[in-house]
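# Here is the input, now give the coordinates:
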Amino acid sequence: MKRFSLLFFSLFLIASAQAQDIWVYSTNGSVEKLEHSAWSPIRSFEKIKLSDSLRMEDGASLTLLDRKNDKLYAIQAVGTHSIKDMIDGVRANAKKHPPGVMSYLWDVLRGKNDADEYRHAAGVVYRDGDNSRRIAGAIKGFISQIPISYELIDENTLSQIGESVEIGQKAFFKVSNQSKNDVFVNFIAIDSEGNVSACIPVSLAQQITQLLIPAGSVVVLDKFPIRFSEPKGLDTILLIASTDVFDVQSVVNYLNEGVPAERSNSTGLFQMNVQVR
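Residues are numbered from 1 along each chain as shown. This is a model prediction of the structure:
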């Protein structure tokens, strides 16, 4: 009987492992998978096993979708680790995202949504709880509850940009999340004439997870470069962080409408001024 129980338990463990349904949803920086004794870049929308080994460089991050447990994992683990070890490392703090968000992410994974359909669907999800309006209110009063910051990195030299940039210069963001929570981020630019615009318009579902920064990590968003353009003068670039998903274009719209200042305990803000010459 004891031998049967052990055999049954072993079969149960095998079945549980096989029941996992985990996919790579997005990456930032260099993330590679060991396959046939060679390392190669991991692909978005690739199904993976708990036993697979990944190698991540400093500043890289990874987002995994766990369909079985309806979870979204934001991971930064420099070096070589198995998928199981990565998930175990974040499972205690992994948050459960709204069912609508998970549903649309899975639909995009299956190729069922195009960008326009997703923007419409995402708008419905984002309006739940009016998070975008609360973020705009926090920006209006510059009330920041999450410690977060960023650096601007020149795309050509890979060096940090100082107080000024040239027209046509391209750069990307290096984000530091000093909080204990995974956060979604985006950026708003206000030029010298007061025009407000989104730096990284979210037009695809994948971008939501690419802009998910793991707790206590520094992530390089080199897949989202920005280009400085007219008018010349002082530009203000504002980093927005939220523990909940938000639509950056809705935030811009609320700001243009003059939303009143409001406190949001789930919002982080960081402002940088750059002289465009």
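# Show me how far stretch 130-138 is from its chain's centre.
With C-alpha atoms, centre = their mean, to the nearest Å as the basis, stretch 130-138 stands 18 Å off its chain's centre.
# same deal with stretch 236-247?
That offset, for stretch 236-247, works out to 10 Å (C-alpha atoms, centre = their mean).
# 20 is where my numbering starts, stick with that
Got it, the first residue is 20 from now on, which makes the last one we talked about stretch 255-266.
# what's the span of that stretch, first residue to last?
20 Å (C-alpha to C-alpha, to the nearest Å).
# Any buried residues in that stretch, and which?
256-266 (16 or more other C-beta atoms under 10 Å). C-beta coordinates here come from the backbone N, C-alpha and C atoms, glycine included.
# doesn't residue 89 make contact with residue 121?
Yes: if you go by C-beta atoms under 8 Å, residue 121 and residue 89 touch, sitting 5.6 Å apart.
# So for those two, which residue has more residues nearby?
Of the pair residue 121 and residue 89, residue 121 is the one with more neighbours under other C-beta atoms under 10 Å, namely 18 against 13.
# Now do the SS call for the more buried one.
Look at residue 121: counting by DSSP: H, G, I helix; E, B strand; the rest coil, its state is helix.
# Surely residue 99 and residue 72 touch.
Yes: counting by C-beta under 8 Å, residue 99 does reach residue 72; the two are 5.9 Å apart.
# any shared contact partners between those two?
Residues touching both residue 99 and residue 72 (C-beta atoms under 8 Å, 6 or more residues apart in numbering): residue 53.
# that's a helix at residue 107, yeah?
Yes: secondary structure of residue 107 (three-state DSSP): part of a helix.
# Report pLDDT for it.
Note on residue 107: pLDDT of 88.
# what do you get for the one 5 residues further on?
With respect to pLDDT, residue 112 scores 69.
# All the helices of the stretch 20-169 of the chain, in order from the start?
Counting by DSSP state H, counting those that start in this stretch, one finds helices in the stretch 20-169 of the chain at the ranges 21-38, 102-110, 118-128, 134-146, 150-160.
# if you average pLDDT over each of those, which comes out lowest?
helix 21-38 (a mean of 43).
# who touches the closest residue to residue 202 other than its chain neighbours in this structure?
Of all residues not flanking residue 202 in the chain, residue 260 sits nearest, at 4.2 Å (C-beta to C-beta, 6 or more residues apart in numbering). By C-beta under 8 Å, 6+ apart, the contact list for residue 260 reads 165, 167, 196, 198, 202-204, 232, 286-289.
# Also residue 81?
Contacts of residue 81 (C-beta under 8 Å, 6+ apart): 43, 45-47, 50, 61, 73, 75, 93-96, 105.
# Using JSON lines, lay out those residues together with distance to residue 243 and neighbour count.
Below are the contacts of residue 81 laid out as JSON lines (distance: C-beta to C-beta, whole Å; neighbours: other C-beta atoms under 10 Å):
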{"residue": "43", "distance to residue 243": "18", "neighbour count": "23"}
{"residue": "45", "distance to residue 243": "11", "neighbour count": "23"}
{"residue": "46", "distance to residue 243": "13", "neighbour count": "23"}
{"residue": "47", "distance to residue 243": "9", "neighbour count": "24"}
{"residue": "50", "distance to residue 243": "16", "neighbour count": "20"}
{"residue": "61", "distance to residue 243": "19", "neighbour count": "19"}
{"residue": "73", "distance to residue 243": "22", "neighbour count": "25"}
{"residue": "75", "distance to residue 243": "19", "neighbour count": "23"}
{"residue": "93", "distance to residue 243": "16", "neighbour count": "25"}
{"residue": "94", "distance to residue 243": "19", "neighbour count": "24"}
{"residue": "95", "distance to residue 243": "17", "neighbour count": "24"}
{"residue": "96", "distance to residue 243": "22", "neighbour count": "19"}
{"residue": "105", "distance to residue 243": "24", "neighbour count": "21"}
